[in-house]
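Engineer: give me the fold of what follows.
(chains A and B)
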Amino acid sequence: MSDVPARGNNFVAKIIEEDLSNGKVERVITRFPPEPNGYLHVGHAKSICLNFGVAQQFGGGCNLRFDDTNPEKENQEFIDAIKDDVQWLGFNWEGEVHYASDYFDQLFQWAVHLIEQGNAYVCDLSPEQARQYRGTLTEAGQNSPYRDRSVEENLELFEKMRAGEFDEGACVLRAKIDMASSNMNLRDPIIYRIRKAHHHQTGDKWCIYPTYDFTHGQSDAIEGVTHSICTLEFEDHRPLYEWFIANLPVPCEPKQYEFGRLNMDYTVTSKRKLKGLVDNAVVTGWSDPRMPTISGMRRRGFTPSSIRNFCEMIGVTRSDGLVDIAMLEHAVRDDLNKNAPRAMCVINPVKVVIENLPQDHLEQLAAPYHHELELGSREMPFTRELYIDREDFKEEYSKKFKKKFTPGNRIRLRHSYVLEATGFDKNEQGDVTEIRAVLIENTLGVDPEDGIKPKGVVHWVSATHSVEAELRLYQRLFNHPTPDKSEDDYLVHVNPDSLVVAKGWVEPALAQVTPESSFQFEREGYYVADRYDHTADAPVFNLTIGLREDKELAKG
RNA sequence: UGGGGUGUCGCCAAGUGGUAAGGCAACGGGUUUUGAUCCCGUCAUUCGUAGGUUCGAGUCCUACCACCUCAGCCA
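Structural biologist: Residues are numbered from 1 along each chain as shown, chains lettered A, B, ... in the order given. Next comes the predicted model:
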C-alpha cells in the first residue's frame, strides 16, 4: 500500500459526491482560473490537483480559464508558462483554453442588463471619495450622490465609458446593493472601470474592463461550471457571487466553495513576494531552482508525481495551517528513491592509487542503475587511479569512523572490488594528497576469501576516465521559517548559501544523459541534469534534495 | 469594539453521539555492496477553555478565549 492517503478524501470531494448522487449535478465541471500575471507556485499546484483531481475522480471535466481582467499586469509569457506548468504536472483541461476576456461582450451586455433593472449605476466619485463613502469595518457607508441616476442617464454614461469618452478614473460602474452591509463587498462594488490599456487577448477593443467579482461567477456560469473552488479569502465574496448569479439571466447556477490556501515554512507563496525575488535579482528568474514555482521546482528536479503526492498528503480543509517543508522534501525523496537510477559522482575528491594494478589497467564494470527496478546497468571504467570522497578516508581508525577507509582497513568500492589502504601522503597544510591501496583479488560481488570483510562501502570514479561536471548545490531559499511574517522585510531572510556552485567528477555515462534526467548520486543526494544548461561537453547537475542523513553521523 | 471563518499529537489530517485513523517529524531496534532504502517498535486516558445535556460527547447546547480574513477603480 502506498503511504499516500486515499485520493480525494476531502470535503470538496464529499460535496461533489453528494451533489452527484442526489442528482443536483449531472456531471461535475470545475475550473482552474489563474490570472496570467506571474508564474504558478506550489500553492497553485494544490489548487490544480484539487480542481483537476476532483473532476477526474468523478468523471467530469476541468477547464483552464485565464482570469484576464487586468491587462496592465498580464502578458503572454505568463499564459504560456502557466499552460506549460499545468500540463507538466500531468493534467489536461477540457476543450480549448478559456479566457475571461472571451466573455467581455456578454459581460458588457449583462452590465447593461443590471443598469436596466436599476441594479447598477455610473458613479463619478474619485477613488479617494469612494473610500470615504465606503465606511469602515464597524461603520456603515453612505450612498453615493450618483446612486439615483436614471436608467437612461446610466445607460448613456456607461456607453460613453465604453466609447472612451472619459479618462481613467473619471467614473466607474457600480452594482447597487447595500452601502450599510456588514460585508464590505456588498457596499455597491465596482463592476467596471476604465483602463485605456492594450489587452493581450482583445487588443484595443476595450477601454473598460470588468472587475474580478463581476467576471468570475458569470464566466463560471457561461462555462457550465458546477463547483467553483477558490481559496478562503474569497469567502466574503460569495454573497456577491450569488447576487450576480441571481440578478442576471445566466445559463446555470454555479456554486462557490472555499478551501484553505497552502502555507509552507521557509517559503513565501505570494505572487507579489515571488515577483520581488525576481525583480531584486535574488534569484535568476521565476524558474530559478530555488523558487517554489512549479517551473522552479521542475528545474530543481522535482517530479510531477512527487508534487501531486505532496498535495494528497497535505489534504484540503477550511483551516489554514503551516505545512512543514519536510513533507514536500519527503514526497520528493520518496518518488526519486523509488524511481531514480543510481550513479556515482565524487564531489570532494582525493586520489587513490591501487599499487597492485598496472599503470594502464582498464576494466569495464557493469553497475546496475537500480537495486529493485529493472533499469539495466551502465559500464564504469575501473582504473589504477580513482577518486573517492575526501570525507571517506580517515588517517586513523576510530569508532566514529568505523565505516570509513583507514590505513590497514578495508573498504568496498561500490559495485567494484575491495581495497585495503596501505599508506598516504600529506602536503605542508596537512591535507591528504594521495592514498595508496591494494586491491584484494576476487572480491567482485563477493567477500574476501580470507574472511576479513570491508568496513564500509564508498562511491568512486576513475581519476582518468571521469568527467568534470558543474554541480549547483541548492538549499532552502530562506533561513527563517516564516519570512513573510517577521518584523523585517522578507528579503533580509534570504539564505546567502541557497546556491553554492561546486565541481564534481561523474562517471562517463552521466555526461550523455538528457536534460531533466534525475539520478541518485549514491551517498550524496538526488541530482537532475539541468533543463537548460546541461550538455555532454559541459554537464550541469542540480541538487534536488539530499539523502536523509543518519542522526549519529549528522551530529559528528 | 462590525461581518465572515478556523481551533483534534511538534506539523498536516481522519473522525458527524458509542469510547481518538493515517502521513510527516522525532525516538529506539533489525537488515543492507548507498551510514540511503526497507523492516519492526514507541509516540493524544485526550480533541482551544469552562460549564451543561446524555447511560455515553472531539462530535449536541451555552459562554468565553485564540488565531485567520474583509475597508484596491487587484485577483
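
Engineer: please, where are all the strands along the stretch 351-500 of chain A?
Structural biologist: Under the criterion DSSP state E, counting those that start in this stretch, the stretch 351-500 of chain A contains strands at A:362-368, A:377-383, A:385-389, A:410-413, A:418-426, A:432-440, A:456-458, A:460-462, A:467-474, A:499-506.

Engineer: out of those strands, which comes closest to residue A:41?
Structural biologist: strand A:467-474 (16.5 Å; CB to CB). (Each C-beta comes from the backbone N, C-alpha and C, glycine too.)

Engineer: in the closest one, what's buried?
Structural biologist: For strand A:467-474, burial by neighbour count (16 or more other CB atoms under 10 Å) applies to A:467, A:469, A:470, A:471, A:472, A:473, A:474.

Engineer: surely residue A:356 meets residue A:440?
Structural biologist: No: with contact defined as CB atoms under 8 Å, residue A:356 does not count as touching residue A:440 (9.3 Å).

Engineer: give me the more crowded residue out of these two.
Structural biologist: Between residue A:356 and residue A:440, counted using other CB atoms under 10 Å, the more crowded position is residue A:440 (19 against 13).

Engineer: ok, the more buried one touching residue A:448?
Structural biologist: Yes: judged on CB under 8 Å, residue A:440 makes contact with residue A:448 at a distance of 5.0 Å.

Engineer: for residue A:333, give me its contacts.
Structural biologist: A:526, A:545, A:547, A:548 (CB atoms under 8 Å, 6 or more residues apart in numbering).

Engineer: so it, which of the three states?
Structural biologist: helix (DSSP: H, G, I helix; E, B strand; the rest coil).

Engineer: roughly how far apart are the nearest residue to residue A:107 once chain neighbours are set aside and residue A:30?
Structural biologist: Residue nearest to residue A:107 in three dimensions, not counting chain neighbours: residue A:210, with 4.9 Å by CB to CB, 6 or more residues apart in numbering. Distance of residue A:210 to residue A:30, given as CB to CB, to the nearest Å: 22 Å.

Engineer: domains for chain A, by residue range?
Structural biologist: A:104-212, A:262-342+A:468-556, A:345-458 (automatic domain parsing).

Engineer: Serialize those to CSV and add fields for mean pLDDT.
Structural biologist: Below are those laid out as CSV (pLDDT from 0 to 100):
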stretch, mean pLDDT
domain A:104-212, 98
domain A:262-342+A:468-556, 96
domain A:345-458, 96
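
Engineer: re earlier: need the overlap of contacts for residue A:440 and residue A:448.
Structural biologist: Residues touching both residue A:440 and residue A:448 by CB under 8 Å, 6+ apart: A:410, A:418.

Engineer: ok, back up a step: nearest to residue A:304, out of the strands of the stretch 351-500 of chain A?
Structural biologist: Comparing those by CB to CB, strand A:467-474 comes nearest, at 19.1 Å.

Engineer: next, the angle strand A:499-506 makes with the closest one.
Structural biologist: Angle of strand A:467-474 versus strand A:499-506, following axes from the mean of the first three to the mean of the last three CA atoms, to 10 degrees, is 150 degrees.

Engineer: contacts for strand A:467-474, please.
Structural biologist: Outside of strand A:467-474, the residues within contact range by CB under 8 Å, 6+ apart are A:289-290, A:300, A:345, A:347, A:498-508, A:510-511, A:527, A:530, A:533, A:538-544.

Engineer: and residue A:542, that one's in a helix?
Structural biologist: No: Residue A:542: not assigned to a helix; according to three-state DSSP it is strand.

Engineer: nearest residue to it other than its sequence neighbours?
Structural biologist: Setting aside the residues directly before and after it, residue A:542 is nearest to residue A:472 in space (CB to CB, 6+ apart), at 4.8 Å.

Engineer: what residues are bridge-paired with that neighbour?
Structural biologist: Beta-bridge pairing for residue A:472 (DSSP bridges): residue A:501, residue A:542.

Engineer: excluding sequence neighbours, find me the nearest residue to the residue nearest to the spatial centre of chain A.
Structural biologist: In chain A, the residue lying closest to the centroid (CA atoms, centre = their mean) is residue A:294, at 3.0 Å. Leaving out its chain neighbours, the residue that sits closest to residue A:294 by CB to CB, 6+ apart is residue A:85, at 4.1 Å.

Engineer: could you do residue A:396 as well?
Structural biologist: Leaving aside its chain neighbours, residue A:396 sits nearest to residue A:406 (6.3 Å; criterion: CB to CB, 6+ apart).

Engineer: how close does the one you found get to residue A:399?
Structural biologist: 12 Å.

Engineer: ok, these two, which is more surrounded?
Structural biologist: residue A:406 (19 against 5).

Engineer: neighbours of the nearest residue to residue A:381 once chain neighbours are set aside, how many?
Structural biologist: The shortest distance from residue A:381 to any non-neighbouring residue, by CB to CB, 6+ apart, is to residue A:465 (4.0 Å). If you count neighbours by other CB under 10 Å, residue A:465 ends up with 17.

Engineer: from residue A:97, how far out is residue A:465?
Structural biologist: For residue A:465, the distance to residue A:97 - CB to CB - is 49 Å.

Engineer: just residue A:169 next, same as before
Structural biologist: From residue A:169 to residue A:97 the distance is 32 Å (CB to CB).

Engineer: so which of these two has more stuff around it?
Structural biologist: Taking other CB under 10 Å, residue A:169 and residue A:97 do not tie; residue A:97 has more neighbours (14 against 11).

Engineer: backbone phi and psi for the closest residue to that one other than its chain neighbours, please?
Structural biologist: Closest residue to residue A:97 apart from its sequence neighbours, by CB to CB, 6+ apart: residue A:64 at 5.2 Å. Main-chain torsions, residue A:64, degrees, to the nearest 10: phi -100, psi 120.

Engineer: which SS class is residue A:101?
Structural biologist: Going by three-state DSSP: residue A:101 is helix.

Engineer: hmm, residue A:127 is touching residue A:169, no?
Structural biologist: Yes: in this structure residue A:127 lies within contact range of residue A:169 using CB under 8 Å: 6.5 Å.

Engineer: any idea which of the strands of the stretch 351-500 of chain A is most buried?
Structural biologist: Sort the strands of the stretch 351-500 of chain A by mean neighbour count, taking mean count of other CB atoms under 10 Å, and strand A:460-462 sits at the top with a mean of 25.

Engineer: near RNA strand B at all, the one helix or strand residue A:86 maps to?
Structural biologist: Using DSSP states H and E, the element containing residue A:86 is helix A:76-88. No: interface with RNA strand B: helix A:76-88 contributes nothing (CB under 7 Å from any atom of the strand), its closest point being 12.2 Å away.

Engineer: give the rounded mean pLDDT of that helix.
Structural biologist: Across helix A:76-88, the average pLDDT comes to 98.

Engineer: identify each buried residue in it, please.
Structural biologist: Buried-residue list, helix A:76-88, by 16+ other CB under 10 Å: A:78, A:79, A:81, A:82, A:83, A:85, A:86.

Engineer: list the helices and strands it packs on?
Structural biologist: Secondary-structure packing of helix A:76-88 (3 or more CB pairs under 8 Å, 6 or more residues apart in numbering; DSSP states H and E): helix A:42-57, strand A:61-66, helix A:294-300.

Engineer: alright, that wraps it up for me.
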